[in-house]
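Novice: Compute the structure for the input listed below.
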Amino acid sequence: MKGVFTLRNFIISITGGILIVSFSGTLFFFIFAITKFQPVLSLFDFSVMGLVLIIPSFIAGWLGAILSGKRHFKALFPSIGIGLISVIFMWIIKFTLFSNSGNLFIFSWKGMLLIVFSAILGGSLFIRNFPLSVFCFVSILIISLIPFKESISVSGVESEEIIISSKDITLGATLTMPANRKEKIPGILLIPGSGPQNRDETFGLLNATFRELALSLSKNGFAVLRYDKRGAGRSTGIFTESGLYDFAEDAENAYLYLRTRPEIDSSKIFLIGHSYGGKVATIVASRHPEIAGLILLACVASKEPDNLLRQHRFIANARGMDLDEKTKYFKELEDWFSGVRENKYKNYEDYFGPDGLSKNLRKLMRINPLPPIWLQQAMEYDQLKTLSKIKIPILILAGDADWLVPPSETKLLEKVLQQSDHPDYTVKIFPNLDHRFTRVKSMEDSFNSMTSIKYLFERHSIEPIVLNTILNWIKKKSKIKLLLN
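Specialist: Residues are numbered from 1 along each chain as shown. From the prediction side, this is the model:
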């Protein structure tokens, strides 16, 4: 063992470990940005994340073998050390900075094994140890092929990955249910907001609004279905070719799927729509009066482009734009809206053509794409008119520090329910909560936080009062005794 524990090997291992962690971290953030803003690539997310770990580890292991100064089996000792040191670094980072990272592949046990075996593989190829190289290669292949399903850490909750058909596409989804159920239970469908949202409504590296909500509800006795929007996550279809009514059709088919599950009481299915998902949920509820209840979270009431203009006015003021900058910026916005109305932009790609959007708006459309077909339909759709015709129980929740969907939008929803003499509705606006119902000081504080790099690394949980309000309301409307927390 004298050849193992040398200062040279120790220094190489430490240096190689730092190299792997640094390179993996850089590649991870790059891939995160790609899969976040170009969700069509996220179908391959776990394979790509595997490469994020394999490539730096392989290179570091290979360099470690070279730096050892050996050409025989002892050259592999630094490579092994590099793999183990890297795993130690990863675990330190996980438990100090990312303790709530959930199912991030880069911190999973599979990820750790990929690091070690890749480093050994890199070193073994240098010393030309064919049996060892084959062993490492086969090991990496086996690890990569093991199904990597979402890890549910809440006791008493079962999780099932499912595929839902929706006309000509399929939706990747997760159904969570209490493990100790003895009879049919109520079902809940979570409908995500605008943009290429995945089933968890992830934001930053540590947060997932719908995952948190689903686990809370399932822990308390409900079956909860959440799904990737078409063209995002593991759902097929093309997001940038989809409109508001395409997303409504997907949500409707997800609801119809819930009705087929033998574990679920089909007479007690609730819809929860977040942000623009509230409009989608309202459309589905208008088509199915048998739905037990509708919950709108931070739901948009206004038509487009009024809603977008309000958001951009807030952004312009928060960024301190002067009058000339504002004039130019809002002229670009008006040109965009006019182009959509006049069918100048028939496809998403037209935004980026010679006669397309301004440079600023092109950048915005790549980050948060709003395809022409979606915007056209959003301009035509009247949320208040649709909501006024629905008579099922309705719960509307909002935060007064939400700059994306301010309380004024919630008050519009409340007003139309009052005017239509709706028989059963509840409206609550919580102080100092933002768009995702996390604690903030003000709208300005929320905006500054959401637009900072620091936001990526912070934990932002849904306020317990919001979770309890939803649970108690559904408990009352479904007339069942829920499990205790």
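
Novice: what about the strands in the stretch 351-485 of the chain?
Specialist: 394-399, 425-430 (DSSP state E, counting those that start in this stretch).

Novice: deepest of these, which one?
Specialist: strand 394-399 (a mean of 25; mean count of other CB atoms under 10 Å). C-beta coordinates here come from the backbone N, C-alpha and C atoms, glycine included.

Novice: quick one, that one and strand 425-430 angle?
Specialist: 10 degrees (axes from the mean of the first three to the mean of the last three CA atoms, to 10 degrees).

Novice: domain ranges for this structure?
Specialist: The chain breaks down into these domains under automatic domain parsing: 7-145, 157-303+381-478, 306-378.

Novice: and these, which one is worst for confidence?
Specialist: Looking at the domains of the chain, the lowest mean pLDDT belongs to domain 7-145 (a mean of 66).

Novice: So which residue is dead centre in this structure?
Specialist: Nearest to the mean C-alpha position of the chain, by CA atoms, centre = their mean, lies T202 at 2.7 Å.

Novice: And for the closest residue to that residue other than its chain neighbours, the neighbour number?
Specialist: Closest residue to T202 in three dimensions, ignoring its sequence neighbours and counting by CB to CB, 6 or more residues apart in numbering: A208, at 4.7 Å. A208 has 21 neighbours, counted by other CB atoms under 10 Å.

Novice: does A208 really touch L190, like I thought?
Specialist: No - counting by CB atoms under 8 Å, A208 does not reach L190; the two are 11.2 Å apart.

Novice: hmm, back to that, now the residue nearest to T202: how far from S165?
Specialist: According to CB to CB, to the nearest Å, A208 and S165 sit 25 Å apart.

Novice: got it, and Y351?
Specialist: For Y351, the distance to S165 (CB to CB) stands at 31 Å.

Novice: what do you get for R211?
Specialist: In terms of CB to CB, R211 sits 23 Å off from S165.

Novice: Of those two, which one has the most company?
Specialist: Comparing R211 with S165 by other CB under 10 Å, the one with more neighbours is R211, at 23 against 11.

Novice: tell me the contacts of the more buried one?
Specialist: Contact analysis of R211 by CB atoms under 8 Å, 6 or more residues apart in numbering lists 102, 199-202, 226.

Novice: what's the closest of these to I453?
Specialist: Comparing the contacts of R211 against I453 with CB to CB places T202 closest, at 16.7 Å.

Novice: my guess is that closest one meets P196, correct?
Specialist: No - T202 lies out of contact with P196 (CB under 8 Å); the separation is 11.1 Å.

Novice: Can you show me the helices along the stretch 51-200 of the chain?
Specialist: Remark: helices assigned in the stretch 51-200 of the chain by DSSP state H, counting those that start in this stretch are 76-97, 109-127, 130-145.

Novice: name the helices or strands packed onto the second one?
Specialist: Contacts defined by 3 or more CB pairs under 8 Å, 6 or more residues apart in numbering; DSSP states H and E place helix 109-127 against helix 7-37, helix 45-67, helix 76-97, helix 130-145.

Novice: Report the angle between that helix and helix 76-97.
Specialist: Using the same axes, to 10 degrees, the direction of helix 109-127 lies 160 degrees away from that of helix 76-97.

Novice: mind listing what's buried in helix 109-127?
Specialist: 110-127 (16 or more other CB atoms under 10 Å).

Novice: out of everything not next to it in sequence, what's closest to Y348?
Specialist: In space, Y348 is closest to T240, 3.7 Å off (CB to CB, 6+ apart).

Novice: residues in contact with that neighbour?
Specialist: 231, 347-348, 369, 371.

Novice: Over to D246?
Specialist: With contact set as CB under 8 Å, 6+ apart, D246 has these partners: 230, 237.

Novice: P372 versus that one, what's the distance?
Specialist: Applying CB to CB to D246 and P372 gives a distance of 13 Å.

Novice: Same list (the strands of the stretch 351-485 of the chain) but as CSV, adding distance to W91.
Specialist: Compiled in CSV, the strands of the stretch 351-485 of the chain are given as follows (distance: least, CB to CB, whole Å):
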stretch, distance to W91
strand 394-399, 36
strand 425-430, 37
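
Novice: so Y245 is in which element?
Specialist: If you go by DSSP states H and E, Y245 is part of helix 244-260.

Novice: buried stuff in that helix?
Specialist: Buried residues in helix 244-260, counted by 16+ other CB under 10 Å: 244-258.

Novice: what's the answer for stretch 352-365, then?
Specialist: Neighbour-count burial for stretch 352-365 [16+ other CB under 10 Å]: 356-358, 361, 364-365.

Novice: same check, this time on stretch 448-457
Specialist: Across stretch 448-457, burial judged by 16+ other CB under 10 Å covers 449-450.

Novice: And for stretch 466-480?
Specialist: 466-467, 469-471, 473-475, 477-478, 480.

Novice: roughly how far out does that stretch sit from the chain middle?
Specialist: Relative to the centre of its chain, stretch 466-480 is centred 25 Å away, using CA atoms, centre = their mean, to the nearest Å.

Novice: repeat for stretch 376-387
Specialist: 25 Å.

Novice: That stretch spans what distance, first to last residue?
Specialist: The first and last residues of stretch 376-387 sit 20 Å apart, counting by CA to CA, to the nearest Å.

Novice: And stretch 255-269, by the same measure?
Specialist: Start-to-end span of stretch 255-269 (CA to CA) is 8 Å.

Novice: do the same with stretch 401-408
Specialist: So stretch 401-408: terminal residues 11 Å apart, CA to CA.

Novice: Show me the strands in the stretch 201-350 of the chain, by range?
Specialist: Using DSSP E, counting those that start in this stretch, strands in the stretch 201-350 of the chain cover 202-203, 207-208, 223-227, 264-274, 293-297.

Novice: how much space between I465 and F222?
Specialist: Distance from I465 to F222, by CB to CB: 19 Å.

Novice: Neighbour count: those two, which is higher?
Specialist: Counted by other CB under 10 Å, I465 and F222 do not tie: F222 has more neighbours, with 28 against 13.

Novice: which residues touch that one?
Specialist: Per CB under 8 Å, 6+ apart, neighbours of F222: 177-178, 185-188, 474, 482.

Novice: Which positions in stretch 400-417 come out as buried?
Specialist: 400-407, 409-410, 412-414, 416-417.

Novice: Need the contact partners of it.
Specialist: 275, 296, 298-302, 307, 310-311, 314, 318, 383-384, 387-388, 394, 396, 398-399, 425, 427, 429-435, 440-447.

Novice: what about I283, how many neighbours?
Specialist: 21.

Novice: One more: the one 10 residues further on?
Specialist: A total of 22 residues lie near G293 under the criterion other CB under 10 Å.

Novice: mind starting the numbering at 17 from now?
Specialist: All set: I'll call the first residue 17, so the last point we hit is now G309.

Novice: for it, what are its contacts?
Specialist: 286-287, 408-411, 489-490, 493-494.

Novice: so which of the residues you listed comes closest to S73?
Specialist: Distance ranking of those against S73, using CB to CB, places L287 first at 45.0 Å.

Novice: So what pairs up with the closest one in the strands?
Specialist: L205, L310 (DSSP bridges).

Novice: Surely it and Y271 touch.
Specialist: Yes - counting by CB under 8 Å, Y271 is a contact partner of L287 at 6.9 Å.

Novice: which neighbours do these two share?
Specialist: With CB under 8 Å, 6+ apart, L287 and Y271 have common neighbours 205, 300, 307.

Novice: Which residue, other than its chain neighbours, is closest to the last one?
Specialist: Just to be clear, that refers to I307. A301 (5.3 Å).
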